[in-house]
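Trainee: Structure here, sequence nowhere to be found:
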Ligand SMILES: N[C@@H]1[C@@H](O)[C@H](O)[C@@H](COP(=O)(O)O)O[C@@H]1O
């Protein structure tokens, strides 16, 4: 939580963080590449990599583990590389996986002060794993006991984390490319990424138009698959933190298996649907939602018009490799979240602590 004077109007701290992402991503790529190459050298000798975090950092872990898995990897053959798994840091502490000295544990924690995340690091060290912390430039002391620290950005001033998420994902992409030996490959997509994120930010007016039309919906549902499913969870977390609106994120297929029954014309459905194998389910979802009268906003870079033909309003995603796509695809969702908070009259930076009841509830739990 920020100790700075809260802002009382737009631009809030969250907005500044969203806007700073192109430069921050560029900076992480240039300043952390060498360290990531060294860490990747060690990781590539390991049997398994556990990527661990809580909250937004758990979502980064989900995306990171996905992109490190062979099936998600455009960066090169990974058959002989380490397997990657995402773990919620609380679960990692209470029920540790069978980690050994043959394994690596990457703990993602922006502030480095969340109990379950630094405890997970202690558990991993006790089990003999090689430990890596992906954290801010000025983290809490307990996260600094990792064998290696990789630093992203200064501490977020808003409680709704944005820039720390995309820069942590950038580090995970660097590690991924390092394991595949492609960090210096000019075709790895890294050079284009900051400008691609800037181009998305330039389309802010389009996102505001979507928000203006749907700000009063009863419920906001999001769905994605593969590495991008993490962003379906992430936008739902962010909307709750900033607007307290009713929202939920799902894996694309999972949404059809029951949760879809709760959709109606007062819901808005957001599909994170970049090009890739989704077995046609994003288009199925758009058609099914149209039947119910639920508006659909689809983030996509597909060459075909399947989603638009199914009635979705589309937002263009860049043509970046799958291992960078979660960094790009979350940015329109951040803009949506921010402008939804403005439109609904809630404060995006304060974790709802300006609400006396939420503040009273907060006295009953530590983070
Ligand atoms: N509300 C915050 C989340 O937004 C944050 O993602 C999480 C992890 O924080 P950190 O990455 O600093 O460990 O902590 C809290 O739960």
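Mentor: Cool, got the structure. These numbers come from a predicted model, not from an experiment.
Trainee: Tell me the residue of the stretch 1-150 of the chain that sits nearest the ligand?
Mentor: Here the stretch 1-150 of the chain gets closest to the ligand at one residue, residue 55, 2.7 Å apart by Cβ to the nearest ligand atom. (Glycine included, C-beta is placed from N, CA and C.)
Trainee: phi, psi of the residue located most distally from the centre of the chain?
Mentor: Largest separation from the mean C-alpha position in the chain: residue 291, at 30.2 Å (Cα atoms, centre = their mean). Phi and psi for residue 291, reported as degrees, to the nearest 10, are phi -60, psi -30.
Trainee: got the residues of this protein near the ligand?
Mentor: Contact residues (Cβ under 6 Å from any ligand atom) of the chain with the ligand: 54-57, 109-111, 114, 117, 161, 367.
Trainee: need these in a markdown table with pLDDT and distance to residue 87, can you?
Mentor: What follows is those, written out as a markdown table (pLDDT from 0 to 100; distance: Cβ to Cβ, whole Å):
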| residue | pLDDT | distance to residue 87 |
| --- | --- | --- |
| 54 | 98 | 10 |
| 55 | 98 | 14 |
| 56 | 98 | 15 |
| 57 | 98 | 11 |
| 109 | 98 | 13 |
| 110 | 98 | 17 |
| 111 | 98 | 19 |
| 114 | 94 | 14 |
| 117 | 96 | 11 |
| 161 | 98 | 19 |
| 367 | 95 | 18 |
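Trainee: want to throw the residues you listed into a markdown table with neighbour count and secondary structure?
Mentor: As requested, those are arranged in a markdown table below (neighbours: other Cβ atoms under 10 Å; DSSP: H, G, I helix; E, B strand; the rest coil):
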| residue | neighbour count | secondary structure |
| --- | --- | --- |
| 54 | 23 | coil |
| 55 | 21 | coil |
| 56 | 24 | helix |
| 57 | 27 | helix |
| 109 | 30 | coil |
| 110 | 27 | coil |
| 111 | 19 | coil |
| 114 | 23 | coil |
| 117 | 31 | helix |
| 161 | 25 | coil |
| 367 | 13 | coil |
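Trainee: of all those residues, which comes closest to residue 343?
Mentor: residue 161 (21.0 Å; Cβ to Cβ).
Trainee: Show me how this structure divides into domains.
Mentor: Under automatic domain parsing, the residue ranges defining each domain of the chain are 13-191, 202-344.
Trainee: returning to that earlier point: check what pLDDT the residue farthest from the centre of the chain gets.
Mentor: We note a pLDDT of 98 for residue 291 in this prediction.
Trainee: Count the residues that sit near residue 129.
Mentor: 23 (other Cβ atoms under 10 Å).
Trainee: same question but for residue 102, I mixed them up
Mentor: Residues near residue 102, counting by other Cβ under 10 Å: 13.
Trainee: Look up the closest residue to the residue in the stretch 201-350 of the chain that the ligand sits nearest to, ignoring the ones flanking it.
Mentor: Here the residue of the stretch 201-350 of the chain nearest the ligand is residue 241; by Cβ to the nearest ligand atom that distance is 6.2 Å. Nearest residue to residue 241, sequence neighbours excluded (Cβ to Cβ, 6 or more residues apart in numbering): residue 160, at 4.9 Å.
Trainee: Can you report phi and psi for that neighbour?
Mentor: Torsion angles, degrees, to the nearest 10, at residue 160: phi -90, psi 100.
Trainee: just the strands in the stretch 151-300 of the chain please.
Mentor: Secondary structure of the stretch 151-300 of the chain (DSSP state E, counting those that start in this stretch): strands at 219-224, 247-251, 267-272, 296-300.
Trainee: what's in contact with the longest helix anywhere in the chain?
Mentor: Longest helix in the chain by number of residues (criterion: DSSP state H): helix 21-43. Identification of contacts with helix 21-43 by Cβ atoms under 8 Å, 6 or more residues apart in numbering yields 49, 82, 104, 130, 132, 148, 150-153, 162-163, 166-167, 170-171, 174-179, 183, 190, 193-195, 197-198, 201, 327, 331.
Trainee: Swap in 7 Å and give it another go.
Mentor: 49, 82, 104, 130, 132, 148, 150, 152-153, 163, 166-167, 170-171, 174-175, 178-179, 183, 190, 193-195, 197-198, 327, 331 (Cβ atoms under 7 Å, 6 or more residues apart in numbering).
Trainee: The stretch 1-150 of the chain: helices as residue ranges?
Mentor: Assigned by DSSP state H, counting those that start in this stretch, the stretch 1-150 of the chain shows helices spanning 13-19, 21-43, 56-68, 89-94, 115-126.
Trainee: winner for burial among those helices?
Mentor: helix 56-68 (a mean of 28; mean count of other Cβ atoms under 10 Å).
Trainee: who's in contact with the residue of the stretch 1-150 of the chain closest to the ligand?
Mentor: residue 237.
Trainee: Need the pLDDT of residue 74.
Mentor: For residue 74, the predicted pLDDT is 51.
Trainee: Residue 94 now?
Mentor: 98.
Trainee: Phi and psi next, for the closest residue in space to residue 308 that isn't next to it in sequence.
Mentor: Leaving aside its chain neighbours, residue 308 sits nearest to residue 314 (5.4 Å; criterion: Cβ to Cβ, 6+ apart). Per-residue torsions, residue 314: phi -100, psi 150 (degrees, to the nearest 10).
Trainee: Let me know whether residue 314 touches residue 305 as I believe.
Mentor: No: the criterion here is Cβ atoms under 7 Å, and residue 314 misses it with residue 305 at 8.7 Å.
Trainee: returning to what we had before: keep only those of the contacts of helix 21-43 that are in helices.
Mentor: Going by DSSP H, the helices hold 163, 166-167, 170-171, 174-175, 178-179, 193-195, 197-198, 327, 331 from the contacts of helix 21-43.
Trainee: quick one on the thing from earlier: minimum distance to residue 5: which of the domains of the chain has it?
Mentor: domain 13-191 (10.2 Å).
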